[in-house]
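*Asks:* structure of the sequence below:
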Amino acid sequence: MSAVNTKEVNMFQIGEFSKIARVTTRMLRHYDKLGLLTPDKIDEQTGYRYYSAQQLPRLNRIIALKDLGLTLDQIGRLLEESISADEIRGMLMMKKAEIEQTLADEVERLRSVESRLVQVEQEGVLPDVEVILKSVPKKRLLAVREICHNGLPDALALFKEITMALPAHVDQNILGQFVALSHSETFLSKDIDVEIGVFIEDQDYEGEVNLPGGETMVLRELPAVELMATMIAVGAPDKRHIGYGNLGLWAEANGYAIVGNEREIIIEPPLPGREEEGVVEIQLPVKKIEEESIRLLP
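*Replies:* Coordinates of the predicted model:
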């Protein structure tokens, strides 16, 4: 390593400093030109720029603020105000959370595109799915109804909160299947009105469950449904529209109209990292359309 000894401090030429700082010499010269990071010493005879390792913290601040999307002029003003490491750390943590949310949104979009592609490839072909028509008796339901502002992620978080809280409050022997009920008249991706809970098999049970998030699970009777079109759907929750689409195709082909909101009986929950292993029974209330009737779609 070529270095000069100045005031007993080892100095690095610009090329050497770029290696330890992992910043190009072009950017170092640019920062110098703007006054953001000037060389610690410039040799008057050779014009060589020399940097000190003590300048790395300032350079790291410049890079961190640049990654936050600030302009170099803004960075210069912040450095003049001696912004602290804690302040930069807080800004970086906020940016980290923003990036993580963006990545999660993009993954969700990718899954949606993939599942919609499956539907496109199946166009014109009646899906080979097993749809079972059955009557569903009234049931006792311990549940909480919430508006999930962020849609599916909020609903999944609520389901997780419920499954973790129940064992401490309700005897496992009286718990039936978990269920999610839609209370929206149309499909919504945000601000969905959903009720999530569990069937109670004990007719004598009375009680409520207060969840850590402040919600309260209350007991009620879920009415019987004379006729349900049901099918098993396997896969992540964000691919559930494939199942609903198949049910719609079946209903149209067989002369049935949808007359109520859907239910999802959870057979295998979509555990984190194993969402594709989730299994639900989709239930849609239906009725047979009379031969002579004409059904107009809105």
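
*Asks:* test my guess that residue 25 contacts residue 13.
*Replies:* No - counting by Cβ atoms under 8 Å, residue 25 sits too far from residue 13 to count as a contact (9.7 Å). The C-beta positions use only the backbone N, C-alpha and C, and glycine is treated the same way.

*Asks:* these two: which has the busier surroundings?
*Replies:* Neighbour totals were compared for residue 25 and residue 13, and residue 13 leads with 19 against 14 (other Cβ atoms under 10 Å).

*Asks:* and the top helix by length along the chain, what does it pack onto?
*Replies:* The helix spanning the most residues in the chain, taking DSSP state H as the definition, is helix 85-121. Applying 3 or more Cβ pairs under 8 Å, 6 or more residues apart in numbering; DSSP states H and E, one finds that helix 85-121 contacts helix 56-67, helix 240-254.

*Asks:* now do the shortest one: everything it contacts.
*Replies:* It refers to helix 56-67. Contact partners of helix 56-67, identified using Cβ atoms under 8 Å, 6 or more residues apart in numbering, comprise 20-21, 23, 31, 36-37, 72, 74-75, 78-79, 83, 88, 91-92, 95.

*Asks:* list just the nearest of the residues you listed to residue 236.
*Replies:* Sorting these by how near they are to residue 236, with Cβ to Cβ, puts residue 95 at the top with 28.2 Å.

*Asks:* how far away is that closest one from residue 21?
*Replies:* With distances taken as Cβ to Cβ, to the nearest Å, residue 95 is found 21 Å from residue 21.

*Asks:* cool, residue 87 as well?
*Replies:* In this view, residue 87 and residue 21 are 22 Å apart by Cβ to Cβ.

*Asks:* more neighbours: which of those two?
*Replies:* In this comparison of residue 87 against residue 21, neighbours counted by other Cβ under 10 Å, the higher total goes to residue 21 at 19 against 12.

*Asks:* mind listing what the more buried one touches?
*Replies:* When contacts are counted by Cβ under 8 Å, 6+ apart, residue 21 is found next to 28, 51, 56, 59.

*Asks:* quick one, phi/psi of it?
*Replies:* Residue 21 adopts backbone torsions of phi -90, psi -20, taken as degrees, to the nearest 10.

*Asks:* give me the pLDDT for it.
*Replies:* The pLDDT attached to residue 21 in the predicted structure is 88.

*Asks:* next one: the one 5 residues further on
*Replies:* The predicted local distance difference test score for residue 26 is 92.

*Asks:* can you check residue 82 too?
*Replies:* Per-residue confidence (pLDDT) for residue 82: 80.

*Asks:* how many residues are close by it?
*Replies:* Each residue near residue 82 was counted by other Cβ under 10 Å, and the total is 7.

*Asks:* next one: phi and psi at it?
*Replies:* Per degrees, to the nearest 10, the backbone of residue 82 is at phi 60, psi 60.

*Asks:* lowest-scoring secondary structure element of this protein by mean pLDDT?
*Replies:* Sorting the helices and strands of the chain by mean pLDDT, DSSP states H and E puts strand 3-6 at the bottom, at a mean of 46.

*Asks:* and this protein, what are its domains?
*Replies:* The domain map for the chain lists 3-83, 132-288, with the assignment taken from automatic domain parsing.

*Asks:* next, count neighbours for residue 249.
*Replies:* Taking other Cβ under 10 Å as the neighbour definition, residue 249 ends up with a count of 16.

*Asks:* now swap in residue 135 and tell me
*Replies:* 9.

*Asks:* for residue 221, same thing?
*Replies:* Using other Cβ under 10 Å as the criterion, residue 221 is surrounded by 9 other residues.

*Asks:* helix, strand, or coil at it?
*Replies:* Residue 221 carries the three-state label strand when classified by DSSP: H, G, I helix; E, B strand; the rest coil.

*Asks:* hey, where'd the helices end up in the protein?
*Replies:* Counting by DSSP H, the chain has these helices, from start to end: 14-21, 25-34, 56-67, 72-80, 85-121, 152-165, 240-254.

*Asks:* buried sites along the second one?
*Replies:* Okay, so that is helix 25-34. Residues 27-28, 31-32 are the ones in helix 25-34 that count as buried (16 or more other Cβ atoms under 10 Å).

*Asks:* over to the first one?
*Replies:* Of the residues in helix 14-21, 17-18, 21 count as buried by neighbour count, 16+ other Cβ under 10 Å.

*Asks:* what comes into contact with stretch 192-209?
*Replies:* The contact list for stretch 192-209, computed with Cβ under 8 Å, 6+ apart, reads 139-148, 151-152, 155, 158-159, 162, 165-166, 169-171, 174-184, 216-219, 222.

*Asks:* that older thread, save the helices and strands packed on helix 85-121 as TSV, and put in distance to residue 42 and mean pLDDT too.
*Replies:* Rendered in TSV, the data for those read as follows (distance: least, Cβ to Cβ, whole Å; pLDDT from 0 to 100):
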stretch	distance to residue 42	mean pLDDT
helix 56-67	17	88
helix 240-254	64	85
